[in-house]
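Participant: Fold the following and give me the result.
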Amino acid sequence: MTSVSLTDRAMSDLNDIITYSTRTFGKKVANRYLSDIESALLLLQEHPSLIHQKQDISSWFSFYPVREHHLVCTEADDMIIILTITHCHADLPARLLKLEPTLLQESEIFRNKLLS
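Facilitator: Now for the predicted structure:
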């Protein structure tokens, strides 16, 4: 079975999503977002082929949509690393262009930690 892990950035993104959703839409909606993301992570463990590349956006990362968000991932062996979680309305190519060097470094550091 594939392992799925979240970087500190992805955990921070998740926290931001929950905080914003709670403040804007209420606790019930925020809990539904959290539940849907948790379900997606479990689904990716069972079916890692569900993540897909968008060559027109990035040749380095893979993506998986969850409601109004994208899980931005990288893969190594039997591991999926969630690097960041972005809103679907965000300009994904511009956001990744800005974050790409840092995300690549973070994924390598995270992968090395997990493998050591």
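Participant: any weak-confidence spans in the chain?
Facilitator: Across the chain, the ranges flagged by pLDDT under 70 are 55-56, 58-59, 114-116.
Participant: Which positions in the helix or strand where S12 lies come out as buried?
Facilitator: Per DSSP states H and E: S12 is located in helix 8-25. By 16 or more other Cβ atoms under 10 Å, the buried positions in helix 8-25 come out as 9-10, 13-14, 17-18, 21-22. No exception for glycine: its C-beta is placed from N, CA and C like everyone else's.
Participant: For the nearest residue to P48 once chain neighbours are set aside, give its distance to P93.
Facilitator: With Cβ to Cβ, 6 or more residues apart in numbering as the criterion, P48 has its nearest non-adjacent residue at 4.3 Å, and that residue is T2. Separation of T2 from P93 (Cβ to Cβ, to the nearest Å): 27 Å.
Participant: Helices along the protein, start to end?
Facilitator: 8-25, 27-46, 92-115 (DSSP state H).
Participant: Looking at T2 and P93, which has the bigger crowd around it?
Facilitator: T2 (15 against 12; other Cβ atoms under 10 Å).
Participant: Contacts only, for that one.
Facilitator: Each residue near T2 by Cβ atoms under 8 Å, 6 or more residues apart in numbering is listed here: 44-46, 48, 78-80.
Participant: what about 10 Å?
Facilitator: By Cβ atoms under 10 Å, 6 or more residues apart in numbering, the contact list for T2 reads 44-49, 51, 75, 77-80.
Participant: do S3 as well
Facilitator: Taking Cβ under 10 Å, 6+ apart as the definition, contacts of S3 comprise 44-45, 48, 77-81, 114.
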